[in-house]
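Undergrad: Sequence first, predicted model second:
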Amino acid sequence: MENISDQQEPQEPVYDFNPGVQRRILAMMVFDLNNFLLFREIIKPEYFSNQIFRDYAKIVIDFGKKYGRPPVVDELAQQIGELLISRPQLLEADYFTEFDKIIGTEGGFEFVRDITVKFAKHQAMQNALVKGATILKAQTDENYQRVLKLVEGAVNVGSTTDKMGVFYFERLDERIAQRELGANRAELSIATGIPILDGHMGGGLMRTELGIIMGPMKRGKTLFVMNLVRNAVLENIHVLHVVLEMSEVRLEDRYDSLISGITQKELKIRASEVKEKIDAFYNHPGVGKLVIKHFPAYTTSVSMIENCISRLNAVHGFIPNLVVVDYLGLIATPGGKNEKSYDTGTRYNIFGDHTKELISLAQKLNVAIWLLHQTTRGSLSKSTIQLEDSADSIQPLQDADVILTLNQNKREREQSVIRIFIAGGRDVEDKKYAACKIDYRTGSITPLSDTEQAQYDRNMHRDSEPDGL
């Protein structure tokens, strides 16, 4: 009787990357300039199955790096001759027999082009698994990360071969059509949910962008970004909240309170109500997913965050659209928490490197990233926090796409108002602000009504210190 497991859907054809196929790939790299330019970054000599093929691949690739093109037949023959002189143990007949076969396969490379990326990816994965098996003989977290990097690299082989930019003038009609369909910055941004703020930011924070939220200790940076997350998941945005300062359980409690509207002190005694409200929120049509991930402070790098995203995708199929990193000062520096071997300027440069790494991550994964950042102790008493109030100089801020500061003067604290100020950024209206009510019991932040905002604006215009509502 036929086993049920054998009754499967037809599979995609599996290509046998035999010597004949590998030979045609080499011939394509020699005789087809366009395909050589397309594939020279992903084809590696170690992908080929025998030493002769590997030597030919290295000659072609090295020649291309030096001259910007593959060698012609005479040049290839000369390079082979020089190789045989330098390594007399090689059999000349074998190399020139293969030479005749390669130059005899000129033309008809359409099929070869179609499978070249599959060949490179397949061979890279095989190599990664072989190397990984050796590395894993020492079972350490560091080695697990090394193996994960090898496998990720193999998976990504060829992922950029079609990404060659856009032809600006030729894309004019398409660009206009996209705008007519609403595919502009506002449509592509992840909104904060605070209308005035979103208006000044052109709709919100775009994917591939880094936004920084600054404020002094105990000002409510985490509460503020949690409200941005709450709004995002309601818009079917998947969010990864990376927390370095508190445990996952504590942050879950805060989200429970925010989403249910029930204070943290009452979460236990009103458990059934909490469950009902959060279930209702999650069952709302089009709600995205939220993953909370704690990493140890001062020992976590940006690459570890990237690895976490890769694992979430591989294991759960979860790909975030928005990432929150809470916060900059807790990301690893070379000397750890008690950094003594680096002067202050070097420490600031390290944090600047972190923001550059996060921007690279945002662009690579097509995600928006909100990064929380501490300001100086002196900023606690300032009416409006500016870039120069950064606890680690302005070095980490230079590459951010938008910088928000959270502000409260005495009157605002008394009235439970928090003022969000756009301190800088690209493609945003800086030196603008939006005021919101903040409920510290549940962590909820609510934009002022039109009437309240109008009164607030009048007070701001009349007095440098915002007055009562």
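TA: Happy to help now that I have it. As the structure is a prediction and not an experimental result, all values here were calculated from the model.

Undergrad: burial measure for Lys121, as a count.
TA: If you count neighbours by other Cβ atoms under 10 Å, Lys121 ends up with 18. Using the backbone N, CA and C atoms, a C-beta is placed for each residue, glycine as well.

Undergrad: Am I right that it is in contact with Ala128?
TA: No: counting by Cβ atoms under 8 Å, Lys121 does not reach Ala128; the two are 10.4 Å apart.

Undergrad: what is in contact with these two at once?
TA: Shared contacts of Lys121 and Ala128 (Cβ atoms under 8 Å, 6 or more residues apart in numbering): Ala154.

Undergrad: State which helix of the chain is the longest.
TA: helix 110-135 (DSSP state H).

Undergrad: Mean confidence (pLDDT) on that one, please.
TA: Mean pLDDT, helix 110-135: 85.

Undergrad: buried stuff in it?
TA: Buried residues in helix 110-135, counted by 16 or more other Cβ atoms under 10 Å: 112, 115-117, 119-125, 127-128, 132, 135.

Undergrad: and what of stretch 144-155?
TA: 147-151, 154.

Undergrad: quick check: mean pLDDT across that stretch?
TA: The average pLDDT within stretch 144-155 is 77.

Undergrad: With just CA atoms, put that stretch into CSV.
TA: C-alpha atoms of stretch 144-155 as CSV (Å, rounded to 0.1, in the frame of the first residue of the first chain):
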residue,chain,number,x,y,z
TYR,A,144,25.5,29.4,17.2
GLN,A,145,25.5,33.1,16.1
ARG,A,146,28.3,32.3,13.6
VAL,A,147,26.4,29.4,12.1
LEU,A,148,23.3,31.6,11.9
LYS,A,149,25.2,34.2,10.0
LEU,A,150,26.6,31.6,7.6
VAL,A,151,23.1,30.3,6.8
GLU,A,152,21.6,33.8,6.5
GLY,A,153,24.3,34.7,4.1
ALA,A,154,23.5,31.7,2.0
VAL,A,155,19.8,32.4,2.0
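
Undergrad: Use 486 as the first number from now on
TA: In the new numbering, first residue 486, that becomes stretch 629-640.

Undergrad: roughly how far is it from the heart of the chain?
TA: Centre-to-centre, stretch 629-640 and its host chain are 17 Å apart (Cα atoms, centre = their mean, to the nearest Å).

Undergrad: Now tell me what touches that stretch from outside.
TA: 606, 609-610, 612-614, 616-617, 620-621, 789, 792, 795-796.

Undergrad: Ser571: which of those residues is nearest?
TA: For these, the closest approach to Ser571 (Cβ to Cβ) belongs to Asn612, at 25.7 Å.

Undergrad: What's the separation between that closest one and Asp741?
TA: Per Cβ to Cβ, to the nearest Å, Asn612 is found 47 Å from Asp741.

Undergrad: do the same with Asp585
TA: Distance of Asp585 to Asp741, computed by Cβ to Cβ: 73 Å.
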